[in-house]
Structure formats: C-alpha cells, structure tokens
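*Asks:* return atomic coordinates for the entry below.
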Amino acid sequence: MSLAPEIWSNTRVRSTPFTSRIEAYGVGAYSVYNHMLLPLKFVSVEDDYWHLKEHVQLWDVSVQRQVEISGPDAARLVQLMTPRDLTKSRVGRCYYAPLVDARGGLINDPVILKLAEDRFWLSISDSDVALWAKGLAHGFGLSVEIFEPTVDPLAVQGPKAEQLMERVFGSAIADIKFFGFSHVDFGGHDFLVARTGWSKQGGFEIYVDRPDLAGSLWDALYEAGRDLEVRPGCPNLIERIEGGLISYGGDATIDDSPLQCRLEQYCHLDAEIDFVGREALRAERDHGVTRAISGLLIDAPSIPSVRDRWTVSIDGESVGDLRSAVRSPRYGRGVGLAMLDRDAWDIGTAVTVESPTGPIPATVASVPFTDPE
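*Replies:* Now for the predicted structure:
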C-alpha cells in the first residue's frame with residue numbers, strides 16, 4: 001500500500017510565529033506558499049467549511065507576505081505594476097489590484113495597503129513580487145526602497161469574527177470599514193487591523209509585526225472566543241470555489257490576463273495612468289477576450305484532487321481546462337473553476353470534464369455560485 005508523501009520542513013520552507021499553536025491543535029495538512037507553511041485542513045475540508053460558515057476561525061496566513069515599497073517614487077512604482085487606477089487612493093484603505101507584465105500576464109493579485117502617500121504594503125499571493133518590483137525600479141531609475149518586512153498576518157474569519165475581535169481589541173473594531181484598516185492596541189503595541197480576508201464569510205486580518213507578541217495574541221483570541229466555538233482554520237477549498245475566489249498559481253498564472261480572470265473592474269484601461277502591459281491589455285480588450293474563468297457544476301458525488309489540469313470538452317473537442325474543483329456539500333456534487341473558450345462559457349452550456357477516472361458531465365455556471373436553495 002502506498003502512502004501519501006510528506007512535506008518536510010526545513011530552513012527553505014519557513015514556519016510561522018503561529019505554527020506551534022496550530023500544530024498543538026492538530027493541523028491535518030500543509031502546502032507550501034511563498035516559501036512558507038500554509039495549513040490546508042484541520043478536522044476535514046468539509047467539517048472546516050461548515051464551521052467557517054457558522055462560527056469563527058483563526059487563520060495563520062503568514063504566507064501572505066508583505067512587499068513594502070516606500071520612498072519618493074513609491075506611488076509611481078506601484079501604479080506601474082497594476083492596471084487599477086490608484087491615483088485617487090487614500091491612506092487607510094486597501095485595494096485589490098492585479099499586477100501584470102509587459103504582455104498583460106497576471107503576475108500576482110495582492111491587496112495593496114496604502115500606509116502613507118509614499119509607503120505601501122503589497123499583501124501578495126504566491127509569487128515573488130519583490131523581484132518584479134526591484135526590476136521595474138531599476139529599469140525606470142526610481143527612488144524607492146523595496147523589502148519584505150517582518151509581518152505575519154493572522155486572519156479572524158466567520159460570522160462571529162467581529163464579536164470576537166471586539167472582545168480583544170475593543171469597540172473601535174466596529175469602526176473599521178470594509179477594505180479599510182486602522183491601528184488598535186494589544187499588549188502595548190498598535191497592530192494594523194484590516195477588514196479583509198480570503199473568504200466570503202466576513203472578518204479581519206491582523207498584520208502581526210511583533211513576533212514576540214504573536215503567541216499571546218493568538219491565545220487571547222482563542223480564550224475570548226471559547227463560547228463562540230472558535231478554533232483554528234485556514235482558507236477553505238469549498239468555500240473559496242463557491243465564492244468564486246481565484247487562487248493565483250492554481251486557477252490563474254502569468255499565462256492568463258486579468259481580463260481572462262474576469263477582473264476587468266480592476267483594469268482601468270482608458271484612465272490617464274501609466275502601467276506596464278497597458279497596450280497589451282487594451283489590444284486584448286479591443287479584439288475581444290477569447291477565454292475566461294467560468295464556474296462548473298460537475299455531476300459526480302466525489303471529486304478527486306485536481307493535481308493537474310483536466311481537459312474540458314464538447315463533443316470530444318477541447319474547449320478549456322479545469323483548474324480547481326471540490327465536492328460541495330450544499331450542491332451534493334462538484335463545483336469547479338475552469339478556463340473556457342468563448343464559445344463554451346455561456347451559463348447552462350453542457351460540457352464534459354475529462355477526469356483521471358473517466359469523463360464526467362458538467363454544466364457551466366455563474367461565479368460566484370448561486371445558492372442552490
């Protein structure tokens with residue numbers, strides 16, 4: 001009988017200030033993300049899913065590394081990296097923004113925090129954004145500093161997140177607007193807290209820049225939330241696919257454009273801004289996008305792990321590929337995200353998913369997926 005291979009941690013795959021806490025609870029699986037350990041499940045993916053939708057969880061998302069860009073040309077460099085118009089961005093706000101290369105390929109899709117007019121944090125997905133930023137800064141001769149600060153985000157997610165956060169940080173938490181941030185005290189230190197998070201259940205992210213306080217912060221949140229049924233959690237595969245949250249590196253890569261990833265609302269292609277890849281994205285828009293991320297309802301009671309992309313076909317002809325999928329307990333069948341050709345992406349189109357265990361019928365669905373009730 002073969003056993004699943006282990007992931008061995010070493011100095012190339014970093015642990016986090018919260019690793020001891022989540023391992024004491026019994027984390028069930030890890031992945032590697034930005035050269036760090038990312039928890040994938042605790043009890044089970046489905047059990048974690050229902051708990052997230054009903055209660056509150058603490059997520060160790062230290063893997064969301066920060067790329068700090070500061071200095072006289074910081075605002076110009078950040079704008080060069082994204083088609084989103086940031087000329088009217090405000091200090092104290094967060095901005096979801098695709099980053100693109102000269103061909104319009106998606107390099108990353110961070111949340112950008114504007115800390116000051118000349119200082120930004122890019123809270124990144126799984127790719128080395130700092131190297132791209134350094135290359136642009138050198139090529140354009142910009143006066144900036146670019147580095148990874150010691151910041152380990154801790155997310156508090158779920159419908160009871162605000163109640164828990166107020167118990168630990170006070171009533172000021174309620175004043176933080178969606179995609180806004182503020183500084184709140186814990187242990188004599190002001191932590192940056194944003195009303196953001198990689199789920200559709202609501203919550204916050206605490207940017208922990210004091211590793212020596214990380215353990216006591218986790219413990220305070222855990223103790224304050226016992227009657228709220230708090231427990232460790234992590235970004236949930238079921239919840240994020242149902243919510244249409246794209247995972248960079250899985251659902252989208254540098255070979256895909258933000259237009260193909262249905263991020264056109266964050267691409268201000270006619271604005272008077274200068275960004276790398278502008279002409280490429282304008283040309284794609286003007287000629288018409290030929291493929292795009294779409295939802296699939298997959299007619300199977302269980303879905304094996306999608307380790308390699310599965311072909312999606314109509315009458316034996318390839319029309320795209322499945323990027324991620326999982327069984328949804330709400331639908332009683334699979335839900336997935338696929339990159340489909342224009343002729344196949346209409347909602348209701350019948351397709352076939354060529355899985356490793358054989359062909360499976362599927363139907364193109366809206367993203368985010370609508371409530372089956």
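*Asks:* name the nearest residue to residue 313, ignoring sequence neighbours.
*Replies:* residue 352 (5.0 Å; CB to CB, 6 or more residues apart in numbering). Quick note: C-beta positions are derived from backbone N, CA and C, even for glycine.
*Asks:* neighbours of the one you found, just the number please.
*Replies:* Burial of residue 352 is recorded as 16 neighbouring residues (other CB atoms under 10 Å).
*Asks:* residues in contact with it?
*Replies:* 312, 313, 314, 359, 360, 361, 362 (CB atoms under 8 Å, 6 or more residues apart in numbering).
*Asks:* could you look up the SS state of it?
*Replies:* For residue 352, the assignment made with DSSP: H, G, I helix; E, B strand; the rest coil gives strand.
*Asks:* okay, the closest residue to residue 55 other than its chain neighbours: pLDDT?
*Replies:* Using CB to CB, 6+ apart and skipping residues adjacent in sequence, the residue nearest residue 55 is residue 229, 4.3 Å away. The model reports residue 229 with a pLDDT of 98.
*Asks:* list the contacts of residue 229.
*Replies:* Going by CB under 8 Å, 6+ apart, the list of residues near residue 229 reads 51, 54, 55, 56, 160.
*Asks:* ok, now how distant is the third one from residue 218?
*Replies:* What it means is residue 55. 17 Å (CB to CB, to the nearest Å).
*Asks:* then the second one?
*Replies:* Here the criterion is CB to CB. By it, residue 54 lies 21 Å from residue 218.
*Asks:* run through this structure and note the low-pLDDT ranges.
*Replies:* Applying pLDDT under 70 to the chain picks out residues 1-7, 371-373.
*Asks:* rerun that using 90 as the cut-off
*Replies:* Applying pLDDT under 90 to the chain flags the ranges 1-15, 301-308, 357, 370-373.
*Asks:* how does it divide into domains?
*Replies:* 19-64+151-240, 66-149+257-286 (automatic domain parsing).
*Asks:* so which of these is nearest residue 302?
*Replies:* Judged by CB to CB, the one of those that comes nearest to residue 302 is domain 19-64+151-240, at 11.1 Å.
*Asks:* more neighbours: which of residue 54 and residue 218?
*Replies:* Shown here are residue 54 and residue 218; by other CB under 10 Å, residue 218 has more neighbours (21 against 12).
*Asks:* biggest strand in the chain, by residue count?
*Replies:* strand 317-328 (DSSP state E).
*Asks:* what sits up against it?
*Replies:* Contacts for strand 317-328 (CB under 8 Å, 6+ apart): 45-46, 237-238, 241-242, 247, 250-252, 291, 293-294, 296, 298, 300-303, 306, 309-313, 333-341, 343-344, 351, 353, 369.
*Asks:* and those, which of them are in strands?
*Replies:* 291, 293-294, 296, 298, 310-313, 333-341, 351, 353.
*Asks:* pull out the buried positions in stretch 17-27.
*Replies:* Buried residues in stretch 17-27, counted by 16 or more other CB atoms under 10 Å: 17, 18, 19, 21, 22, 27.
*Asks:* chain center to that stretch: distance?
*Replies:* In terms of CA atoms, centre = their mean, to the nearest Å, the centre of stretch 17-27 is found 21 Å from the chain centre.
*Asks:* helices along the stretch 101-250 of the chain, start to end?
*Replies:* 129-140, 161-169, 211-224, 237-242 (DSSP state H, counting those that start in this stretch).
*Asks:* figure out how far the second one is from the centre of its chain.
*Replies:* Between the mean C-alpha point of helix 161-169 and the mean C-alpha point of its chain there is a distance of 23 Å (CA atoms, centre = their mean).
*Asks:* my guess is residue 104 contacts residue 281, does it?
*Replies:* Yes. When contacts are counted by CB atoms under 8 Å, residue 104 is listed as touching residue 281 (4.4 Å).
*Asks:* write the PyMOL selection for whichever of the contacts of strand 317-328 are buried.
*Replies:* To isolate the buried members of the contacts of strand 317-328 in PyMOL, using 16+ other CB under 10 Å:
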select buried, resi 45+46+237+238+241+242+247+251+252+291+293+294+296+298+300+303+306+310+311+312+313+333+334+335+336+337+338+339+340+341+344+351+353+369
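*Asks:* could you dump the domains of the chain into a markdown table with distance to residue 328 added?
*Replies:* Converted to a markdown table, these look like this (distance: least, CB to CB, whole Å):
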| stretch | distance to residue 328 |
| --- | --- |
| domain 19-64+151-240 | 6 |
| domain 66-149+257-286 | 20 |
